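Student: Generate coordinates for the sequence data below:
(one chain, ligands or ions: 2)
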Amino acid sequence: MEEIQEEFLEQEEEESILSKNLISSRYNAPFRSTRMHIQRSNVCSRAYFVVVMVFFHVYILNVIALLLYVHYNNGPGDLVSADGDASAPVRDSRSRLPQPAPPSAGKLHDEEDYSQSFSLHRIEGIRVGHIQQVSIVPERTHEMKTLSLKPLLFEIPGFLSEEECRVVVQLAQLKGLMNSQPLTPSQGQESNQPLLSFSTEEVFSLLDLNQDGFLQKQEILSHSRSRDGTWLSPDSLRQILTGLEACLTGMLTLGDFRQVYDVSHQPQQQRSGKLHTHFKQRSRHTWLYQGPGSHHVLQTLRKRVMGLTRLPSSLVELSEPLQVNRYEPRDFSSSHYDSSSSLPETTCAHTRLAGNTSALTEVSCRYLTVLFYLSSAEDGGETTFPVADNRTYDEQALIQDGVDLTDTQQTCGKGNLRIKPTTGTALLWYNHLSDGRGWMGELDEYSLHGDCPVRRGVKWVASSWVNVDPDHQQQARYQRLVAQRHQTKSGMEDQYYPLSHSDLHLDL
Ligand SMILES: O=C(O)CCC(=O)C(=O)O
Ligand SMILES: [Fe+2]
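Tutor: Ligands and ions are numbered 1, 2, ... in the order given. Below is the predicted model:
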């Protein structure tokens, strides 16, 4: 107390001196410096206090904003909350199904629905090497390791049992496999199955549906799917369409066509256009239906995909059937995208029934890929992601010392990431980025991948693709249409046959 009193007295003394100084200071220069000093220190301490308080408040606001961000991005039932802490994703994913907007929804309503009803789950990668525990199968957990962030890619060892792998291979063999057709010729490689080779004239003739010697836009667009046994790549297609648009007549003659098509087939180094025009593939494949009535292992696989991805059953069930591929020695596929960029002239193959697609070309729209290794080759057959986690994506960087990194026949060892096939392991990667509003955005260019040639043994894989239309309204229309048809059908019969891909893949 005494100390405080003393201090108080000292302060009073100082203040009285100060007030005296203030009176005389106007005329007395020597005192000015003392006065100024005392005044400044007062002002400074007040300013300092204000600054500290402002920083303190900004800090608190930042912390609150961060907490809100984390809360709303993860959601309460995230697949994995932290290392080692897993929820029950299968149950959760079913209870959080987004419902398509009602048929009468107006524009404003649709926009509201966008955020409320449509949201695609995206697993967090955290960092490369991060391991999360996931529970997809009752009474056991799996470790899911982040292999890359660009693309967002995970590996889950032991996702399928050896027995389950064996069953899927047997079902594929029973169904029968067909050659997976490449887009362009192999360069003189010995092969089990010959690769198709078309001359420019043959391609022109194939495109010229009415054989009038001219290529109209309609003819070009009605061909050309990007994958699964087609022969005109999206890049060639784009090149041809650009050529057509530059033509005043709106049609291409064989001469015009030669100019644009041949340019798109020059070696990559010689042109500034895009890469991956030379998609090459050698393998055999089949499709396995996974809906009601199919083998229980196939249905289980689909449920696990739902559990793992936490995507609504309505999306997964309406997606493509399971594709099973068999790679013998020397079989491979060069780097490619499983999905496609959305362009004005393209439409998603899976939702085409729901839109006016007469003037559009169909492309595969696959939000993500779940790849199951059903058997491991004795040697070779790695899956490669040549640009995974590159700092930037630059197509020119895919050419190193004159070799094209997308050519997995030649350069498999040079890509950034190679994954050895192991029976029962699953890979999951996102082919698209998020649109920032919870829906599917642009094609992720880093998701470029291919298969190294099998050197010894046989590799079997199965691919499960979840189809999503980047136009969420189109996706909603499609789901409504399927639901309506389902209702009509179930009035007549008990069984439900989904519309989606039964006529897309006639070989089912
Ligand atoms: O077989 C692999 O490793 C990958 C298969 C693949 O990329 C595909 O079928 O699209
Ligand atoms: Fe692929």
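
Student: Give the closest residue to whichever residue of the stretch 251-400 of the chain sits closest to ligand 1 in space, chain neighbours not counted.
Tutor: Residue nearest to ligand 1 within the stretch 251-400 of the chain: Thr383 (3.4 Å; CB to the nearest ligand atom). For every residue, glycine as well, the C-beta is placed using N, CA and C. Leaving aside its chain neighbours, Thr383 sits nearest to Ile419 (4.7 Å; criterion: CB to CB, 6 or more residues apart in numbering).

Student: doesn't Leu427 make contact with the one you found?
Tutor: Yes - Ile419 is within contact range of Leu427, at 6.5 Å (criterion: CB atoms under 8 Å).

Student: which one of these two has more residues nearby?
Tutor: Leu427 (22 against 19; other CB atoms under 10 Å).

Student: Give me the nearest residue to the more buried one, chain neighbours excluded.
Tutor: Excluding the flanking residues, the one nearest Leu427 by CB to CB, 6+ apart is Leu371, at 4.5 Å.

Student: what residue ranges in this structure score low on pLDDT?
Tutor: Residue ranges of the chain with pLDDT under 70: 1-44, 70-117, 181-198, 221-235, 263-279, 356-360, 395-397, 400-403, 491-508.

Student: what does it put close to ligand 1?
Tutor: By the rule CB under 6 Å from any ligand atom, the part of the chain lying against ligand 1 is Asn325, Asp338, Leu371, Thr383, His449, Asp451, Val461, Ser463.

Student: what's the most distant pair in these?
Tutor: Spanning the widest gap among these are Asn325 and His449, at 13.4 Å by CB to CB.

Student: So for the two, which sits in the more crowded spot?
Tutor: Using other CB under 10 Å as the criterion, Asn325 and His449 rank with His449 on top: 28 against 22.

Student: Could you verify my assumption that that one touches His336?
Tutor: Yes - between His449 and His336 there is a contact at 7.2 Å, judged by CB under 8 Å.

Student: Mutual contacts of those two, please.
Tutor: Contact criterion CB atoms under 8 Å, 6 or more residues apart in numbering; residues shared by His449 and His336: none found.

Student: picking that back up, tell me the secondary structure at the residue nearest to Leu427.
Tutor: Each residue gets one of three states, and Leu371 gets strand by DSSP: H, G, I helix; E, B strand; the rest coil.

Student: So in terms of bridging, what pairs with it?
Tutor: Counting by DSSP bridges, Leu371 forms beta bridges with Leu427, Ser463.

Student: Repeat that for Thr384.
Tutor: Bridge pairing for Thr384 - DSSP bridges - gives Arg418, Gly450.

Student: Could you tell me how many residues sit around it?
Tutor: 25.

Student: any idea which helix or strand carries the residue lying closest to Gly176 once chain neighbours are set aside?
Tutor: Leaving aside its chain neighbours, Gly176 sits nearest to Thr286 (6.4 Å; criterion: CB to CB, 6+ apart). Remark: Thr286 resides in strand 284-288, with elements defined by DSSP states H and E.

Student: That strand pairs with which strands, and in what direction?
Tutor: Strand 284-288 sits in its sheet next to strand 178-179 (antiparallel), strand 322-327 (antiparallel), going by DSSP bridges.

Student: measure Gly293 to Gln299 for me?
Tutor: 9 Å (CB to CB, to the nearest Å).

Student: The two - which one has more neighbours?
Tutor: Gln299 (15 against 9).
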